[in-house]
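Colleague: model this:
(one chain, ligands or ions: 1)
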Amino acid sequence: MRLPESQVAVLDVLSAADERTVATVVEETGLKPETVTGAAFDLRDEELVAVSEAERVDHHLTAEGEQYLTEGLPEVRLYRAAAGDEAVPIGDATDVAGLSGQAVQIALSNFARKGYGVVDAGAVDPDPDADPGADPEAAALAAVADGETEGVAAKTLDRLAERGLLARDESTVRSLVLTDDGVTAVTEGVEAAETADRLTPEMLTTGEWRDVEFAAYDVEADAPAVEGGRVHILRQTAERVKEVLVGMGFDEMQGPHADAEFWINDCLFMPQDHPARTHWDQFALDVPPMDGLPADLVDRVAAAHREGIGPDGNGYHSPWTEDVAREVDLRGHTTSLSMRHLSGHAVGELAPPQRFFSVEKVYRNDTLDPTHLLEFFQIEGWVMADSLSVRDLMGTFEEFYRQFGITDIEFKPHYNPYTEPSFELFGQHPETGDLIEIGNSGLFRDEVLRPLGVECDVMAWGLALERLLMLTYGFDDIRDVHGTLCDLDLLRETEVLY
Ligand code: PHE
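Modeller: All right, here's what the predicted structure looks like:
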């Protein structure tokens with residue numbers, strides 16, 4: 001009988017009497033595990049080998065488990081530190097035991113669970129009859145470390161796993177044994193046939209293809225996972241947003257991340273003493289102020305702040321200085337780009353109709369929580385036309401979000417210093433059903449547009465890319481897709497569908 005080389009090698013080390021695991025065969029043949037597994041399945045298909053499978057669980061200690069193995073379980077340390085005739089105040093006992101922070105809570109709750117004594121009125125009173133020296137969890141930690149978990153009660157191992165001290169790896173162990181046919185084949189002699197894993201032009205021209213044996217592919221065989229690099233889901237979604245907006249007729253804006261307050265705030269009719277302009281909200285940079293702001297525009301913006309726009313206009317009548325306008329900040333929104341473009345200072349004078357967008361990072365001095373980061377991506381956009389209404393604004397959002405499968409956008413009246421009317425946008429979280437804020441929008445006020453030299457209407461918005469991702473993939477913590485807490489498997493496996 002002629003068989004592929006790897007199958008012959010595997011057959012040679014198998015017997016009918018004793019099962020051999022794939023790992024043993026790998027050791028004895030020097031072949032790769034996936035080659036042995038593949039050969040084993042082929043030999044099973046040829047009925048020369050029987051393959052049995054068993055699930056195997058390996059235990060190992062987590063970092064916390066390792067720590068307790070060397071230092072002792074917190075509850076045992078607490079018991080020893082408080083041992084004596086009288087109850088000891090918790091603070092003293094934990095000090096002696098060297099326990100602090102979370103370890104105190106861990107020590108107290110396990111101390112109580114194991115009946116090591118009484119915790120009452122802020123004091124620990126160990127029970128002299130308890131025997132923490134014989135703590136089964138401590139013994140189990142040592143057994144796991146030695147790789148000898150045979151004799152350990154399943155319940156104890158479960159408890160260690162629940163406490164996060166033990167991790168389990170599950171795997172399938174395959175064992176191989178020769179069948180009767182296998183024994184006959186081996187006795188009669190099996191020769192290695194040279195197998196080809198691909199058809200080459202040479203084989204075709206020489207006619208060799210007629211005689212070669214081709215290796216069979218087993219598409220179900222275990223194979224090592226190859227993890228290539230891939231585009232982050234946030235970036236994939238950003239690209240998709242760009243495609244959608246370009247499809248809706250928008251051009252992309254570009255501009256600086258660090259910009260003069262003039263473009264970030266003043267052009268937007270945000271008074272210079274507005275709370276959102278303090279360091280509580282935005283990051284100021286310790287760099288020289290920006291030179292070369294367009295003088296005529298600066299004058300018109302200053303006049304809008306001081307006196308307002310038009311005969312009935314009214315300004316803030318509060319101090320306005322160019323020095324403040326020239327200070328450089330990290331942009332807290334990309335509306336700075338819209339101002340640069342609308343003013344004619346980015347891509348030249350623009351006549352209506354126009355549509356522009358950007359999908360770019362913005363920076364805010366927020367407190368980190370599940371929905372806020374210090375930086376996120378904003379989907380900025382605006383439409384300039386002769387006559388725009390709230391219906392145009394709502395229709396644009398409905399069309400945009402529909403491309404991501406979101407058809408239940410809700411609008412809520414809102415206030416911005418630079419738009420009137422203004423609307424916040426909400427969408428329903430697919431898992432929790434909560435309404436979450438996904439953006440902010442409105443029609444720019446005359447106090448914004450006239451100094452910029454725009455005589456027609458402009459509707460505009462800033463939407464959060466991360467919130468769009470929450471609606472489409474059901475994430476509920478922004479840190480699932482940003483920063484070091486991202487789950488690599490999620491990043492590897494999630495496909496951006498829209
Ligand atoms: N700048 C606003 C924000 O960051 C978004 C916005 C842009 C609102 C343009 C209205 C008009 O929330």
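
Colleague: What number of residues are in the vicinity of L452?
Modeller: Neighbour count of L452, defined by other CB atoms under 10 Å: 22. Heads up, the C-betas are built off the backbone N, CA and C, glycines and all.

Colleague: So it sits against F269, correct?
Modeller: No: if you go by CB atoms under 8 Å, L452 and F269 don't touch, sitting 10.7 Å apart.

Colleague: Now do the same contact list for G344.
Modeller: By CB atoms under 8 Å, 6 or more residues apart in numbering, G344 lies in contact with 350, 452-453.

Colleague: please redo it, this time with the cut-off set to 7 Å
Modeller: 350, 453 (CB atoms under 7 Å, 6 or more residues apart in numbering).

Colleague: Roughly how far does it sit from the ligand?
Modeller: As judged by CB to the nearest ligand atom, to the nearest Å, G344 and the ligand stand 18 Å apart.

Colleague: Any figure for the gap between that residue and A303?
Modeller: Relative to A303, G344 is positioned 18 Å away (CB to CB, to the nearest Å).

Colleague: And T70, by the same measure?
Modeller: For T70, the distance to A303 - CB to CB - is 72 Å.

Colleague: Compare neighbour counts for the two and give me the winner.
Modeller: Neighbour count, other CB under 10 Å: between T70 and A303, A303 has more, with 17 against 8.

Colleague: Need the three-state assignment for that one.
Modeller: What DSSP: H, G, I helix; E, B strand; the rest coil gives for A303 is helix.

Colleague: what does L176 give?
Modeller: Following three-state DSSP, we place L176 in the strand state.

Colleague: number of nearby residues for it?
Modeller: L176 has 27 neighbouring residues, counting by other CB under 10 Å.

Colleague: ditto for D45
Modeller: Neighbours around D45, by other CB under 10 Å: 11.

Colleague: for Q67, same thing?
Modeller: If you count neighbours by other CB under 10 Å, Q67 ends up with 14.

Colleague: Contact residues of this protein facing the ligand?
Modeller: Contact residues, the chain versus the ligand (CB under 6 Å from any ligand atom): 333, 335, 416, 419, 440-442, 460-462.

Colleague: For those, could you give me JSON lines that also reports neighbour count?
Modeller: Formatted as JSON lines, those follow (neighbours: other CB atoms under 10 Å):
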{"residue": "H333", "neighbour count": "20"}
{"residue": "T335", "neighbour count": "30"}
{"residue": "N416", "neighbour count": "22"}
{"residue": "T419", "neighbour count": "24"}
{"residue": "N440", "neighbour count": "20"}
{"residue": "S441", "neighbour count": "25"}
{"residue": "G442", "neighbour count": "22"}
{"residue": "A460", "neighbour count": "23"}
{"residue": "W461", "neighbour count": "25"}
{"residue": "G462", "neighbour count": "19"}
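
Colleague: So which of these sit within helices?
Modeller: Counted as lying in helices by DSSP state H, out of these, are T335.

Colleague: what about the helices in the stretch 251-400 of the chain?
Modeller: Counting by DSSP state H, counting those that start in this stretch, the stretch 251-400 of the chain has helices at residues 261-264, 295-307, 322-326, 335-342, 390-402.

Colleague: try the stretch 1-150 of the chain
Modeller: Using DSSP H, counting those that start in this stretch, the helices found in the stretch 1-150 of the chain span residues 5-13, 22-29, 33-45, 63-71, 74-82, 90-97, 102-113, 136-145.

Colleague: okay, the ones you listed, which one's buried deepest?
Modeller: Most buried of these, by mean neighbour count (mean count of other CB atoms under 10 Å): helix 74-82, with a mean of 24.

Colleague: which helices and strands sit right next to it?
Modeller: On a contact count with 3 or more CB pairs under 7 Å, 6 or more residues apart in numbering; DSSP states H and E, helix 74-82 meets helix 90-97, helix 102-113, strand 123-126.

Colleague: A325 - how many residues pack around it?
Modeller: That count, for A325 with other CB under 10 Å as the rule, works out to 23.

Colleague: remind me which residues of the protein are low pLDDT?
Modeller: For the chain, the stretches flagged by pLDDT under 70 are 497-498.

Colleague: which residue sits farthest out from the middle of it?
Modeller: Residue farthest from the centre of the chain, counting by CA atoms, centre = their mean, is E188 at 58.6 Å.

Colleague: can the helices and strands packed on helix 74-82 go into CSV with extra columns for distance to Q254?
Modeller: CSV is the format used below for the helices and strands packed on helix 74-82 (distance: least, CB to CB, whole Å):
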stretch, distance to Q254
helix 90-97, 57
helix 102-113, 47
strand 123-126, 64
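
Colleague: among those, which is nearest D251?
Modeller: Closest approach to D251 among the helices and strands packed on helix 74-82 (CB to CB): helix 102-113, 52.6 Å.

Colleague: Okay, angle between that closest one and helix 136-145 too, please.
Modeller: Helix 102-113 and helix 136-145 are oriented at 120 degrees to each other (axes from the mean of the first three to the mean of the last three CA atoms, to 10 degrees).

Colleague: Which neighbouring elements make contact with helix 102-113?
Modeller: Applying 3+ CB pairs under 7 Å, 6+ apart, we find helix 102-113 packed against helix 74-82, strand 117-120.

Colleague: wait, is G228 part of a strand?
Modeller: No: applying three-state DSSP, one finds G228 to be coil, outside a strand.

Colleague: Distance check, it against N110.
Modeller: Distance, G228 to N110, by CB to CB: 44 Å.

Colleague: Any figure for the gap between the closest residue to S171 other than its chain neighbours and T21?
Modeller: Nearest residue to S171, sequence neighbours excluded (CB to CB, 6 or more residues apart in numbering): R56, at 5.3 Å. Applying CB to CB, the value for R56 to T21 is 10 Å.

Colleague: Please say which of those two ends up with more neighbours.
Modeller: Counted by other CB under 10 Å, R56 and T21 do not tie: T21 has more neighbours, with 16 against 11.

Colleague: Can you verify my assumption that that one contacts S175?
Modeller: Yes: using CB atoms under 7 Å, T21 makes contact with S175 at a distance of 5.2 Å.

Colleague: what's the domain layout of this protein?
Modeller: For the chain, the structural domains run 2-60+170-214, 235-493, going by automatic domain parsing.

Colleague: The closest residue to the ligand within the stretch 351-498 of the chain: what's it in contact with?
Modeller: Nearest residue of the stretch 351-498 of the chain to the ligand (CB to the nearest ligand atom) works out as G462 at 2.7 Å. Under the criterion of CB under 7 Å, 6+ apart, the neighbours of G462 are 333-335, 378, 380, 439-440.

Colleague: 6 Å instead?
Modeller: For G462, the contacting residues are 333, 378, 380, 440, by CB atoms under 6 Å, 6 or more residues apart in numbering.

Colleague: So the third one sits against T334, correct?
Modeller: Yes: with contact defined as CB atoms under 6 Å, E380 counts as touching T334 (3.9 Å).

Colleague: Between these two, which contacts overlap?
Modeller: Listed as contacting both E380 and T334 by CB under 6 Å, 6+ apart are S358.

Colleague: Name the residues that touch stretch 209-220?
Modeller: Applying CB under 6 Å, 6+ apart, the contact partners of stretch 209-220 are 4, 38, 41, 193, 195-197, 203.
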